[in-house]
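[1] model this:
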Amino acid sequence: VYIIIRDRKSKMKDIFHRLILSMSICDIMNSIRCSLSSLPMPRNVPGIYASMGTTKTCEVAGFFTQFSLNVPIYFGYLALYFLLKICYNKGEIHISAIAELCMHLFALLFPLVTALIAYY
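    Predicted coordinates:
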C-alpha cells in the first residue's frame, strides 16, 4: 500500500496497481478482523476463550466477516485482468473503459449489501 501511494502519480495510472491497492486495503481490514478472533464475542459464552464483547460487537464482527468477501472477489478480478491482458491482448485503455468500474463496484457493493442484509 505504501509503495503504491508513495509513487501514486505513476502507479495509479495502471489498472493492476489500482486493483492491488484496493485489494490490499480490503485485506488489511480483513486481517484486523481476523486478529481480533474471539474478542468481540459476548462474555460468558461457554467454550469461547477470551470473549470480551457484547452482542453488538459480535454483530459488527459478523458484518466485517461478510464484508471480507471482497478480498477473494478482487483476487478473481486480478486473474481476469491478466487473462484479458495476456491471453486476449487487451490494452489498459480497453480494460479500463469496459471492465474496471464494474470490477470495483461489484467487489465493494456486493459484499456491502450482503453484509447489511445479514446485519439487519
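
[2] any low-confidence regions in the chain?
    Per-residue confidence of the chain (counting by pLDDT under 70) places no residue in a weak region.

[3] am I right that residue 17 is in contact with residue 11?
    Yes. If you go by C-beta atoms under 8 Å, residue 17 and residue 11 touch, sitting 4.3 Å apart. (Each C-beta comes from the backbone N, C-alpha and C, glycine too.)

[4] list residues touching both of these two?
    With contacts taken as C-beta atoms under 8 Å, 6 or more residues apart in numbering, residue 17 and residue 11 have residue 4 as neighbours in common.

[5] which residues of the chain fall in strands?
    Across the chain, reading from the start of the chain, there are no strands by DSSP state E.

[6] can you count the residues close to residue 91?
    Counted by other C-beta atoms under 10 Å, the residues lying close to residue 91 total 10.

[7] now do residue 48
    Neighbour count of residue 48, defined by other C-beta under 10 Å: 13.

[8] where's it relative to residue 42, distance?
    Between residue 48 and residue 42 the distance is 9 Å, computed by C-beta to C-beta, to the nearest Å.

[9] let me see the contact set for the residue lying closest to residue 100 once chain neighbours are set aside.
    Closest residue to residue 100 apart from its sequence neighbours, by C-beta to C-beta, 6 or more residues apart in numbering: residue 15 at 5.5 Å. Going by C-beta under 8 Å, 6+ apart, residue 15 touches 81, 92, 95, 96, 100.

[10] just the buried members of the residues you listed?
    Those of the contacts of residue 15 that meet the buried threshold are 81, 95, 100, by 16 or more other C-beta atoms under 10 Å.

[11] Serialize those to CSV and add fields for distance to residue 24.
    CSV is the format used below for the buried ones among the contacts of residue 15 (distance: C-beta to C-beta, whole Å):
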residue, distance to residue 24
81, 15
95, 20
100, 17
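
[12] now intersect the residues you listed with the helices, please.
    Judged by DSSP state H, the subset of the buried ones among the contacts of residue 15 located in helices is 81, 95.

[13] closest to residue 22 among the buried ones among the contacts of residue 15?
    Minimum distance to residue 22 across these is 10.3 Å, recorded for residue 100 (C-beta to C-beta).
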